[in-house]
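Enquirer: Based on what follows, work out the 3D shape:
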Amino acid sequence: MTDSIIQYDNMVQLALLSVVRDVLKSAAEVGLPGNHHFYLTFNTSYPNVIIPDYLRKRYPDEMTIVVQNQFSNLVVDDSHFEVSLSFNSKLEHLQIPFLALEGFFDPSVDFGLHFHATEVNNDNSEELPSIVEEVDVPLESKNAGEDGNVVTLDAFRKK
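Expert: Next up, the predicted model:
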């Protein structure tokens, strides 16, 4: 018998991140169907986030990007995605680990997810573990209630 408990909240967060990963993989392979487009909010100070210095200075904590009409070089693997977007008429390449994501929203179908800020687990692996593997990624919630179990979609809802 083990003294540890099943970390359901971690498992759910990782499963939801894998939804985003799968959606982005599909977009990289076949493009965006219909009116689908994505708002992705991420922690700019998270380890291995690669963005231009001027964007990091402008957005020291978090940044939201839009993957819609004018994106290119979308590459997705198990741990991160890369995309080229235009900022002030200049094409910039971004690399974002999935564990740095804080929010995902597809306004075409009013679908959104909010993620707890995550820490890299002790083996320094940033790859999203399979849901059937043991999950040992501690989760911290920035604006969570007392129990820390918050899924907030209000920031993404149409007003």
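Enquirer: which stretches of this protein have low pLDDT?
Expert: Within the chain, the ranges that satisfy pLDDT under 70 run 1-3, 117-159.
Enquirer: all helices in it, in order from the N-terminus.
Expert: Using DSSP state H, the helices of the chain run over residues 8-30, 53-58.
Enquirer: and V75, which of these is closest to it?
Expert: Across the helices of the chain, V75 has its closest neighbour in helix 8-30 (6.4 Å, CB to CB). Where you see a C-beta, it was placed from the backbone N, CA and C, and this is true even at glycine.
Enquirer: I'd like the distance between the most centrally placed residue in the chain and K90.
Expert: Most central in the chain under CA atoms, centre = their mean is L101, positioned 2.6 Å from the mean C-alpha point. L101 sits 24 Å away from K90, going by CB to CB, to the nearest Å.
Enquirer: And N10, by the same measure?
Expert: For N10, the distance to K90 (CB to CB) stands at 38 Å.
Enquirer: Repeat that for N35.
Expert: Distance, N35 to K90, using CB to CB: 27 Å.
Enquirer: same check, this time on L16
Expert: For L16, the distance to K90 equals 33 Å [CB to CB].
Enquirer: coming back round to it: which positions are bridged to the residue nearest to the centre of the chain in the beta structure?
Expert: Beta-bridge pairing for L101 (DSSP bridges): F42.
Enquirer: My guess is it contacts V19. True?
Expert: No - using CB atoms under 8 Å, L101 makes no contact with V19, being 11.0 Å away.
Enquirer: returning to what we had before: which of L16 and K90 has more residues huddled nearby?
Expert: Each of L16 and K90 has its neighbours counted (other CB atoms under 10 Å); L16 has more, 17 against 9.
Enquirer: Let me see the contact set for the more buried one.
Expert: Contact analysis of L16 by CB atoms under 8 Å, 6 or more residues apart in numbering lists L113, F115.
Enquirer: same question, the one 4 residues further on
Expert: Residues in contact with V20 (CB under 8 Å, 6+ apart) are L40, F98, L101, F104, L113.
Enquirer: Now rank these by neighbours and give me the top one.
Expert: In terms of neighbours by other CB under 10 Å, these top out with L101 at 25 neighbours.
Enquirer: Quick check: chain neighbours aside, which residue is closest to F111?
Expert: The spatially closest residue to F111, leaving aside those adjacent along the chain, is F105, at 7.1 Å (CB to CB, 6 or more residues apart in numbering).
Enquirer: ok, the one you found to A28 distance?
Expert: 19 Å.
Enquirer: got it, and H36?
Expert: For H36, the distance to A28 equals 13 Å [CB to CB].
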